[in-house]
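Asks: Coordinates for the following, if possible.
(2 chains)
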Number of protein chains: 2
Amino acid sequence: MSVFTTVTPEQLGAWLRNYSIGVLVGLEGIPAGIENTNYFVITTQGRYVLTLFEKLQLHELPFYLNLMAHLSSHGIPCPKPIANLDNELLGKLNGKPAALVSFLAGKDLLDPQAGHCAQVGVMLANMHLAGKTYTLRMDNPRGLKWWKAVMPEIIPLLSEEDAALLREEVRFQSLYRFSDLPRGVVHADLFRDNVLFDNNQITGVIDFYFACTDALLYDLAIAVNDWCMANGGRLDPVRTAALLEAYRAVRPFTAIERGAWPVMLRAAALRFWVSRLYDFHLPRPGELTHAKDPGHFRQILKQHIANEHDLPPLAI
Amino acid sequence: MSVFTTVTPEQLGAWLRNYSIGVLVGLEGIPAGIENTNYFVITTQGRYVLTLFEKLQLHELPFYLNLMAHLSSHGIPCPKPIANLDNELLGKLNGKPAALVSFLAGKDLLDPQAGHCAQVGVMLANMHLAGKTYTLRMDNPRGLKWWKAVMPEIIPLLSEEDAALLREEVRFQSLYRFSDLPRGVVHADLFRDNVLFDNNQITGVIDFYFACTDALLYDLAIAVNDWCMANGGRLDPVRTAALLEAYRAVRPFTAIERGAWPVMLRAAALRFWVSRLYDFHLPRPGELTHAKDPGHFRQILKQHIANEHDLPPLAI
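Replies: Numbers count the residues shown, from 1 in each chain, chains lettered A, B, ... in the order given. Below is the predicted model:
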């Protein structure tokens, strides 16, 4: 369960007096999620999600909340933060920074088909276009700098083979910093569980708390590594082509992006291999151990390396 | 019909490339409305309303569009303007200022009951609270100054009795400028056809193009004069009490508001009597004649005057 901070109906009812969304009707803790406390909130006016931030710092939150407001104003179906009567997107509840966002209907898909992947491609490209006018910036907290910082802690816990792979891949990636790649705000965690569908149509993109400023292609590689993955760490060519072609139709690729694509697929795999190794072997004190299998992304990384000349290319 | 400016799917498809809401799927002119050209727009991402502004001037539009964006960000279910890739809410299409807003489901009610009126009261109070932090201002274009300006044109066209009533009421209202009434942004046209319901729940408040900065109580009086009206120009006590009590529970009244209420009900009736007289007798060149019966509001005004000491009071 992941309600770290309890909120009673009485507490929330009082807090909602500083909003213009009616009177509390229902309140229910959301079990999913391991970073924050989340509640479903129903008022006389509608349905919302209440988030109490358990880890993110107060000064970091405006980047995420304003990003969701920005993308929502551009028609991206992401949670829309609700402003309070002080015109602030962020408040405080039971000692924690807290925000209300609109509720999005729909469910995530376990087994996406090419048509779903195409929709994800369109949505991601539109997010990248809409993000061009977003002015706040946030360094990628799980980028090269972080990989290098945590490597000394992780390496001793790995087999010799894995340690060599990790060292070599971090070295390889640090050679390939493409400074001319189109950059902007990226979701950076667009896995299947962060996209909602209803009746086979995307109804929502959620969980922007890894969003940051980075290469747009990096975001695409993260999505492809999840949405288009077949068994054994290899990309399914049909779903990959569907996602990439749909993305390209909205935001065409640059020549540098086409060249960088194989390296970026590896970077995206490395990022989650490292963070899963870290969460698996070095859980923070007091942290719930929802750690996911790091082996999944090691396998993807190894396949991407092995198939270096055989990866599905970016469409032209 | 009220598509004054035709937009073809080809034109709109090209225009939508400057938005991040997907590809055009459907386009349909909306017959209702007499001020602007409106289309339903369906894209791969959702449903929208396209408005081409036929009368309002470019410099006036930011007040309305930013107001809808502001209220929407506060959770008020009004149309949400969609920003384009330049991060602008307002564009230009076929030579006209044009905006896309989110589509709201629901239908207006012809015969509202007390429960609906209570919801309208809550919604209006929440709009007034949320509007407190809205920073743009707009003088009421249909206030005392306008009444005085158009009176010389209207008076010669009226019966002696009506002319006397109009002159006397404008004189009366000009004595009662309550400078201490709570002011803010008001919808100023919250009639039954501007509120959408689905399954007896409010799903939308629309048509903000008469919104302006004025006394909040004036907005309430306009709504009560429509939502709570019985036959013969008298207020239905049950619906009136339901709307006022629901409003008060969200935004309590000040003592000055309670004193001003009977005068404000008359001002709200006068405003629509004058504008309907004006539209009826003096249609602008090239204007479609959808003029509504001015007699309806003359009757309301006369009843409010006759029942001066017997009007439903503001709850305490």
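Asks: Once you drop chain neighbours, what's closest to the spatially most central residue of chain A?
Replies: Centroid-nearest residue in chain A: residue A:189, 2.1 Å away (criterion: C-alpha atoms, centre = their mean). Excluding the flanking residues, the one nearest residue A:189 by C-beta to C-beta, 6 or more residues apart in numbering or on different chains is residue A:210, at 4.1 Å. From N, CA and C alone the C-beta is placed, and that goes for glycine too.
Asks: From residue A:63, how far off is that neighbour?
Replies: 11 Å (C-beta to C-beta, to the nearest Å).
Asks: circling back: Three-state assignment for the residue nearest to residue A:189, please.
Replies: coil (DSSP: H, G, I helix; E, B strand; the rest coil).
Asks: quick one: it and residue A:191 touch, right?
Replies: No. Taking contacts as C-beta atoms under 8 Å, residue A:210 lies outside contact range of residue A:191: 10.2 Å.
Asks: Distance from the chain centre to stretch A:7-19, please.
Replies: Here stretch A:7-19 is found 29 Å from its chain centre; the criterion is C-alpha atoms, centre = their mean, to the nearest Å.
Asks: what distance separates the start and the end of that stretch?
Replies: 17 Å (C-alpha to C-alpha, to the nearest Å).
Asks: mind giving me the domain split of chain A?
Replies: A:9-102, A:114-310 (automatic domain parsing).
Asks: Please point out which parts of the longest helix seen in chain A sit buried.
Replies: For chain A, the helix that runs over the most residues, judged by DSSP state H, is helix A:255-281. Residues of helix A:255-281 classed as buried by neighbour count (16 or more other C-beta atoms under 10 Å in any protein chain shown): A:257, A:260-280.
Asks: now it: mean pLDDT?
Replies: Average pLDDT, helix A:255-281: 94.
Asks: Could you name the helices and strands sitting against the next helix or strand after it?
Replies: Per DSSP states H and E, the first helix or strand lying C-terminal to helix A:255-281 is helix A:295-306. With contacts taken as 3 or more C-beta pairs under 8 Å, 6 or more residues apart in numbering or on different chains; DSSP states H and E, helix A:295-306 sits against helix A:160-175, helix A:255-281.
Asks: what's the closest of those helices to chain B?
Replies: helix A:255-281 (19.0 Å; C-beta to the nearest C-beta).
Asks: and the stretch 51-200 of chain A, which of its residues are near chain B?
Replies: A:69-70, A:72-77, A:80-87, A:100, A:102, A:119, A:122-123, A:126-127, A:129-130, A:132-133 (C-beta under 8 Å from any C-beta of the partner chain).
Asks: Pull out the buried residues from those.
Replies: Of these, these count as buried by 16+ other C-beta under 10 Å: A:69-70, A:72-77, A:80-84, A:100, A:102, A:119, A:122-123, A:126-127, A:129-130, A:132-133.
Asks: So residue A:210 and residue A:191 - more neighbours on which side?
Replies: More neighbours surround residue A:210 than the other of residue A:210 and residue A:191, with 20 against 15 (other C-beta atoms under 10 Å in any protein chain shown).
Asks: confidence score at the closest residue to residue A:250 other than its chain neighbours?
Replies: Spatial nearest neighbour of residue A:250, excluding adjacent residues (C-beta to C-beta, 6+ apart): residue A:125 at 3.5 Å. Residue A:125 carries a pLDDT value of 98.
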